[in-house]
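In: would you be able to build a 3D model of this:
(chains A and B)
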Amino acid sequence: MNYAWNWGVLVQSPYLEWLGQGIAMTLAVSIAAWIIALGLGTLIGIVHSGASGMVRFATGSYINLFRNVPLLLQMFLWFFVVPELLPKAAGTWLKRDLPHPEVVTAIVALGLFTASRVAVQVAAGIASVPRGQSMAARASGFSTVQAYRLVLLPQAFRIVVPPLTSEFLTIFKNSSIALTIGVYELTAQTQKIQSFTYQGFEAFTAATVVYMTIALMVTTLMAIIERKTSIPGPTARG
Amino acid sequence: MKGRILGLAAIGVSLALGVASAARAQASDAVIDRIKAKKSISIGYREASIPFSYIDAQGKPTGYSTDLCVRVAATVKTALGLADLKIKWVPVNLQNRIPLVANGTVDISCESAVNTIGRQAQVDFSSPFFVSSTRLLVKSKSGVAELADLKGKSIALPINSVPERLIKSIIERDKLNIRIVPVRDNSEGFLALSTDRVDAFSTDDILLFGLRSKAASPADYEVVGKPLSYDSYGFLVQKNSTVFLSLVNATLARLAREGELQQVYQTWFEPLGVPLSAPLATTFQIIGLPE
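Out: Numbering: from 1, shown residues only, chains lettered A, B, ... in the order given. Take a look at the predicted model:
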């Protein structure tokens, strides 16, 4: 192939700085979105697992809506369509006065999308705690809040650590979709290096290595958490 | 204006020298060998680069650039004395066109590639067959006429593009207080403008004219501002294929000299309401080298 390789671009100024800025933006967007996802997702998961009637319908609708609409479309809708549906003043504020509108929109969109997936897993985790445990908690005189806080959640959270690891990994990769609304995260910076230097293969190789490094670090971290928090005894295994 | 003509003249002279020395140096190259062996030429086209290279209602590649390359293929056929030369159409996009030309999958990419020094490290360019300028698309009632009028306002720029780089550098140089909103593609840029997220959208003017002509009410939008750049479009060919490249440039030279290039231009650009500009007319004169 007639391609002039030049790995040197990756350590040249300003391309190295661009990669650094891209990594910082990817981490910032992903971690901020993860905080939203974990907080909101846990809340919705708990409510969904215990509620019935209208409340369960509301949480179920949230999960179905956000889990089933493609993330790319959600980003686009939050960025371009939502400001048009709001009252004019609010829409103009979102479009003109909000600082870094594309970054804020990306974090909110990614956070709400991932929250729906976390909610399903938390609800499943609670459901997987043997039924007798919640009955025993109630029989011992615990209130509903106490039963959740002291008996169900401590077990449910430990059970869902492995699927949450996958979600945490996915959020870093999904953050690349933010480039479609103009966030200069890692993939966008990589494309920028390609468009300036035409050394696309080198730039994308670097991005691949960075994404894999982040993923391996997250996996290691979550494996430690999983080990530290695992429940001794046969009940919770598997 | 004078400086620009001198610049174009310099390009013309250097092209002429390049062609002449290539013709003396050798009689064949990798691309020519490939065409001879396969009795076919593979031409790269784009699916939606209107009016340069796109797919028509029948699914066939068509456009200004593809029309010119069909003529290039005819020249190659005659020059090599082939009884038959098939054209193999290969779809390309912004990401893969340079690698595909570099690795020989595509013999010549005929679409809308801007000639830049950076790209020349990977591929060679033919003589320019089109010149575009970076300008602004604004709403007619906005009163914006130049980039400087956007102080305190915002502008949408296609992410990772040549115009983005240019406008950013002007904003930094003149310390203009203009907010930049990066957009993924031209249709999102137009969406940002039409929903008042930004006050202007900037890219190649030919694309802006295209967006304006497709708007629900074209009269609401205007292409304004003095040209901020001159970007010349060339066909992409594999590096160091000088014999093939000189056949390509000879075809363009003949078409320009005989006025056929101007006719092909009218066919594709008249319907868009984009007449032959003075810089492009000069370019046609410069590339129309004598035999």
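
In: mind checking the SS state of the residue nearest to B:Ser28 when sequence neighbours are not counted?
Out: Of all residues not flanking B:Ser28 in the chain, B:Val243 sits nearest, at 5.8 Å (Cβ to Cβ, 6 or more residues apart in numbering or on different chains). Backbone N, C-alpha and C define where each C-beta goes, glycine included. Assigned with DSSP: H, G, I helix; E, B strand; the rest coil, B:Val243 falls in the helix class.

In: B:Val243: how many residues sit nearby?
Out: 18 (other Cβ atoms under 10 Å in any protein chain shown).

In: so it makes contact with B:Arg34?
Out: No: using Cβ atoms under 8 Å, B:Val243 makes no contact with B:Arg34, being 11.8 Å away.

In: what is in contact with these two at once?
Out: Taking Cβ atoms under 8 Å, 6 or more residues apart in numbering or on different chains as the contact criterion, no residue touches both B:Val243 and B:Arg34.

In: for chain A, what lies in contact range of chain B?
Out: Selection of chain A residues close to chain B by Cβ under 8 Å from any Cβ of the partner chain yields A:1-4, A:80, A:83-84, A:92, A:95-96, A:102, A:179-182, A:184, A:188, A:191-192, A:194-198, A:200-201.

In: which among those end up buried?
Out: Listed as buried from the residues of chain A next to chain B are A:80, A:83, A:95-96, A:102, A:179-182, A:184, A:188, A:191-192, A:194-198, A:200; burial here means 16 or more other Cβ atoms under 10 Å in any protein chain shown.

In: low-confidence regions, chain A specifically.
Out: Low-confidence segments of chain A (pLDDT under 70): A:1-2, A:233-238.

In: residue of it nearest chain B, please.
Out: When distances are taken as Cβ to the nearest Cβ, chain A reaches nearest to chain B at A:Gly182, 3.6 Å away.

In: count the residues that sit near B:Leu82.
Out: Using other Cβ under 10 Å: B:Leu82 sits among 15 other residues.

In: wait, B:Asp196 touches A:Leu94, no?
Out: No: counting by Cβ under 8 Å, B:Asp196 does not reach A:Leu94; the two are 11.3 Å apart.

In: and the buried ones among the residues of chain A next to chain B, which of them are in helices?
Out: Here DSSP state H is the test, and those give A:Pro83, A:Glu102, A:Ala188, A:Gln191, A:Lys192, A:Gln194, A:Ser195, A:Phe196, A:Thr197, A:Gly200 as lying in helices.

In: farthest pair in those residues?
Out: Spatially, the most separated pair among these is A:Pro83 and A:Thr197, at 35.7 Å (Cβ to Cβ).

In: where along the chain do the helices fall?
Out: Picking chain A for this. For chain A, helices defined by DSSP H occupy the ranges A:15-50, A:53-68, A:71-76, A:82-85, A:88-92, A:101-128, A:131-139, A:144-146, A:153-159, A:161-174, A:186-197, A:200-229.

In: I was after chain B.
Out: Under DSSP H, chain B gives helices at B:2-25, B:30-38, B:64-80, B:97-102, B:162-173, B:186-194, B:205-214, B:242-257, B:260-269, B:278-287.

In: wait, which of the ones you listed is closest to B:Ser132?
Out: Proximity to B:Ser132 (Cβ to Cβ) singles out helix B:205-214 among the helices of chain B, at 4.9 Å.

In: give me the angle between that closest one and helix B:260-269.
Out: 40 degrees (axes from the mean of the first three to the mean of the last three Cα atoms, to 10 degrees).

In: do helix B:205-214 and chain A meet at all?
Out: No: contact of helix B:205-214 with chain A (Cβ under 8 Å from any Cβ) is absent, the minimum separation being 16.0 Å.

In: try stretch B:131-141
Out: No: judged by Cβ under 8 Å from any Cβ, stretch B:131-141 makes no contact with chain A; its nearest approach is 14.6 Å.

In: please state the offset of that stretch from the chain centre?
Out: Its chain's C-alpha centre and that of stretch B:131-141 lie 17 Å apart, by Cα atoms, centre = their mean, to the nearest Å.

In: quick check: buried residues in that stretch?
Out: Using 16+ other Cβ under 10 Å as the test for burial, stretch B:131-141 gives B:Val131, B:Ser132, B:Ser133, B:Thr134, B:Arg135, B:Leu136, B:Leu137, B:Val138.

In: same check, this time on stretch B:212-219
Out: Applying 16+ other Cβ under 10 Å to stretch B:212-219 flags B:Arg212 as buried.

In: likewise stretch A:136-148?
Out: Here stretch A:136-148 shows A:Ala137, A:Phe142, A:Ala147, A:Tyr148 as buried, counting by 16+ other Cβ under 10 Å.

In: take those residues and write them to JSON lines, including distance to B:Leu85.
Out: JSON lines is the format used below for the buried residues of stretch A:136-148 (distance: Cβ to Cβ, whole Å):
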{"residue": "A:Ala137", "distance to B:Leu85": "83"}
{"residue": "A:Phe142", "distance to B:Leu85": "85"}
{"residue": "A:Ala147", "distance to B:Leu85": "81"}
{"residue": "A:Tyr148", "distance to B:Leu85": "76"}
